[in-house]
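> What follows is a predicted protein model with its sequence.
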Amino acid sequence: MSDNLHDAPARAMKELLGVIDALIAPDGCPWDREQTPLSLCDYLVEEAFELIEGIRTGDKKEAMEELGDVMFILLFIATLYERAGDHTLADSINHSTAKMIRRHPHVFGDKQFEDIKELWDNWERTKREENKGTDRKRVFDSLPSGLPPLLKAYRINSKAARNGFTWDSDEAVEAQFEREREEWREALASGDPEASEREFGDCLFTLVELGRRKGIKANAALDFANQKFLARFGKMEELAEMRGASLSDMSLDEMNRLWDEVKDWENG
């Protein structure tokens, strides 16, 4: 990438940092002046989810806007840390740059890997070396505790697999999933709600791993399914209103017919 291509984002980031400086100045915005890195965490999560929604729905304009909002919160947090004398934005960027170079010796050095597995093995070894002397000595110590459960299940299975602890084949995972389903059925039949919940969790956990092996990220897949359901249900409501009806007054059979009509319309 040429220097000219770097100039525009660098100027834009400098201008945004200037806006943040003005917001937290003594004569700036009272709300912004009260913020801390901790208080901005929820806003960062919210903006990140809005960015994800724009990306997954294919709304490029929304993705562009939300990417800027995420950047604003990140730069805001970085500025607050720097003002407190903790670390600078440059410190964070330099740390990440060095880490990425170190973890990609096949790109920035003369290291060669035979396949992706060998690459991931090296990645894990490098991380273990980096974490020596810190409190992140175990495989899962770097796993964020606040991850949503479905995403966390994917990351757990992925990290376990990278460290050689996984089923030997997809067929073995499928067989394990069937065993988990049977245990869930038995728990349901027993009438024990706590056991049912635990066994259902085991089913989900194993299904997440089965999807991972097929290149499917469970969190994203479920999000797409959610969005598809919401879009179809909204179209059902529109059709009902166009015909002077309301879904709340319809029977299940009538709603199912509307659902099938919407699906047929989607399929052209």
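Received the coordinates, thanks. Residues are numbered from 1 along each chain as shown.
> Show residues contacting the lowest-mean-pLDDT helix or strand in the chain.
Using mean pLDDT, DSSP states H and E, helix 116-130 stands out as the lowest-scoring helix or strand of the chain, at a mean of 82. Under the contact criterion Cβ atoms under 8 Å, 6 or more residues apart in numbering, helix 116-130 has outside partners 99, 102-103, 105-106, 111, 113, 139, 142, 162-163. Using the backbone N, CA and C atoms, a C-beta is placed for each residue, glycine as well.
> List the buried residues of whichever helix or strand comes after that helix.
Downstream of helix 116-130, the first helix or strand assigned by DSSP states H and E is helix 149-162. For helix 149-162, the neighbour count (16 or more other Cβ atoms under 10 Å) marks 150-159, 161-162 as buried.
> tell me which strands and helices helix 149-162 is in contact with?
For helix 149-162, the packing partners by 3 or more Cβ pairs under 8 Å, 6 or more residues apart in numbering; DSSP states H and E come out as helix 116-130, helix 193-213, helix 218-242.
> State the mean pLDDT of it.
Per-residue pLDDT over helix 149-162 has a mean of 92.
> cool, and stretch 15-30?
Stretch 15-30 carries an average pLDDT of 96.
> Need the distance between the two termini of it.
By Cα to Cα, to the nearest Å, the extent of stretch 15-30 from end to end equals 21 Å.
> Buried residues, it. List them.
Of the residues in stretch 15-30, those buried (16+ other Cβ under 10 Å) are 17, 20, 23-24.
> who's in contact with that stretch?
Applying Cβ under 8 Å, 6+ apart, the contact partners of stretch 15-30 are 32-33, 35, 71-72, 75-76, 79-80, 83.
> again, 7 Å this time
By Cβ atoms under 7 Å, 6 or more residues apart in numbering, the residues outside stretch 15-30 that reach it are 32-33, 71-72, 75-76, 79.
> With stretch 228-247 instead?
Here stretch 228-247 makes contact (Cβ under 7 Å, 6+ apart) with 250, 255, 258-259, 261-262.
> Now render the buried residues of stretch 15-30 as a markdown table, adding distance to E199 and secondary structure.
Shown next, in a markdown table, are those (distance: Cβ to Cβ, whole Å; DSSP: H, G, I helix; E, B strand; the rest coil):
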| residue | distance to E199 | secondary structure |
| --- | --- | --- |
| L17 | 52 | helix |
| I20 | 50 | helix |
| L23 | 51 | helix |
| I24 | 51 | coil |
